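# sequence? don't have it. structure:
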């Protein structure tokens, strides 16, 4: 998480910027009352990651509905990564690096116990589909691997 918080969006890799775009786009669609998967479809399909979208949506929807505290995502044009975005980016990177226990522990601080496993399953499925599409989620910035260990 600390690798991302308050960092400029430009410090993220292309994969990190895509994931941040997807999170912010999802939140923006929900705030407008539109279907988030429909709003994000072209972006996911455009990078060959359409298979990740349903799982990504499920993870975001569960966190949006059941988080212990509202998750705040910055508007699309914000030039820095906010704290909650940093936590989510850190979760994606940590999960991709295989540290499911750390992801579960962090999610347990964010959501009730009954939500943790479904979010982990959705994130795992989305992450696998993103990796198959060529995303390197374990390296969302140049220094993320060193700082997350």
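Thanks, I have the structure now. All values reported here derive from a predicted model rather than from experimental measurement.
# Give the full set of residues in contact with residue 22.
Counting by CB atoms under 8 Å, 6 or more residues apart in numbering, residue 22 makes contact with 40, 43, 44, 56. To be clear about C-beta, it is placed using only N, CA and C from the backbone, and glycine gets the same treatment.
# show me the residues around the closest residue to the first one other than its chain neighbours that make contact.
Spelled out, that is residue 40. Across the structure, with CB to CB, 6 or more residues apart in numbering as the measure, the residue nearest residue 40 apart from its sequence neighbours is residue 25 (5.3 Å). Contact analysis of residue 25 by CB under 8 Å, 6+ apart lists 36, 39, 40, 43, 76.
# Surely residue 25 forms part of a helix?
Yes. For residue 25, which was evaluated using DSSP: H, G, I helix; E, B strand; the rest coil, the result is membership in a helix.
# Let me know the pLDDT of it.
On pLDDT, residue 25 comes in at 97.
# How about the one 3 residues further on?
In the predicted model, residue 28 carries a pLDDT score of 97.
# so how far is residue 44 from the residue lying farthest from the centre of the chain?
Summary for the chain: using CA atoms, centre = their mean, the residue whose C-alpha lies farthest from the chain's mean C-alpha position is residue 33, with a distance of 20.3 Å. When CB to CB, to the nearest Å is the yardstick, residue 33 and residue 44 sit 21 Å from each other.
# so who does residue 71 touch?
Applying CB under 8 Å, 6+ apart as the definition, the contact partners of residue 71 turn out to be 63, 64, 84, 88, 110.
# Drop anything exposed from the residues you listed.
With burial judged by 16 or more other CB atoms under 10 Å, the buried subset of those is 63, 84, 88, 110.
# which stretches of this protein form helices?
According to DSSP state H, the chain carries its helices in the segments 14-32, 36-46, 53-66, 83-96, 100-110, 113-132, 144-148.
# how about those helices, which one is nearest residue 4?
Shortest distance between residue 4 and those, using CB to CB, is found for helix 83-96: 3.7 Å.
# starting at the chain centroid, how far to the closest one?
With CA atoms, centre = their mean, to the nearest Å as the basis, the distance from the averaged C-alpha position of helix 83-96 to the chain average is 6 Å.
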